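*Asks:* Need coordinates for the below:
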Amino acid sequence: MSKNTPAPKGFIVTTPIAPTVPASALQDGDAFALPEAPDNHLIAQGIKPHPDLTSRLIISARGIPAPFTIHSDEPLQPLRMLRTFELTCQLCNRTVSQDLDLVTHGTPQTWVCNLCS
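*Replies:* Numbering: from 1, shown residues only. Take a look at the predicted model:
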């Protein structure tokens with residue numbers, strides 16, 4: 001189900017992300033939880049491919065003394081995933097850069113600027 005997200009410069013129609021995302025979707029600064037420890041919130045501070053195991057990632061997280069290895073398809077619970085999107089108004093083709101939290105707002109599908117709405 002899509003929703004209208006009020007934006008400072010018009011309205012964005014978004015679709016929610018799934019309750020879990022693969023580890024490969026993480027970027028530095030994202031907050032997430034492992035399925036086996038949903039109350040232990042982690043913040044990614046470094047994500048890189050494992051040098052020997054091609055389907056694994058090495059993730060460093062704030063407050064964790066050593067990085068851990070995880071399969072790139074491992075489902076994680078996203079808590080915060082800030083992304084910047086370039087949006088084009090569907091009515092006048094005006095463009096704007098907009099920061100959205102995928103967990104809170106979802107993935108943008110279309111945008112109508114404040115001049116057209």
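
*Asks:* Apart from its neighbours in sequence, what residue is nearest the residue nearest the centre of the chain?
*Replies:* Centroid-nearest residue in the chain, with C-alpha atoms, centre = their mean: residue 81, separated by 3.2 Å. Closest residue to residue 81 apart from its sequence neighbours, by C-beta to C-beta, 6 or more residues apart in numbering: residue 102 at 4.1 Å. Where C-beta positions appear, they are placed from N, C-alpha and C, glycine not excepted.

*Asks:* tally of neighbours for the one you found?
*Replies:* By other C-beta atoms under 10 Å, 20 other residues sit near residue 102.

*Asks:* May I have the residues that are in contact with it?
*Replies:* For residue 102, the contact set (C-beta atoms under 8 Å, 6 or more residues apart in numbering) comprises 17, 78, 81-83.

*Asks:* Could you chop this protein up by domain?
*Replies:* 3-17+82-113, 21-79 (automatic domain parsing).
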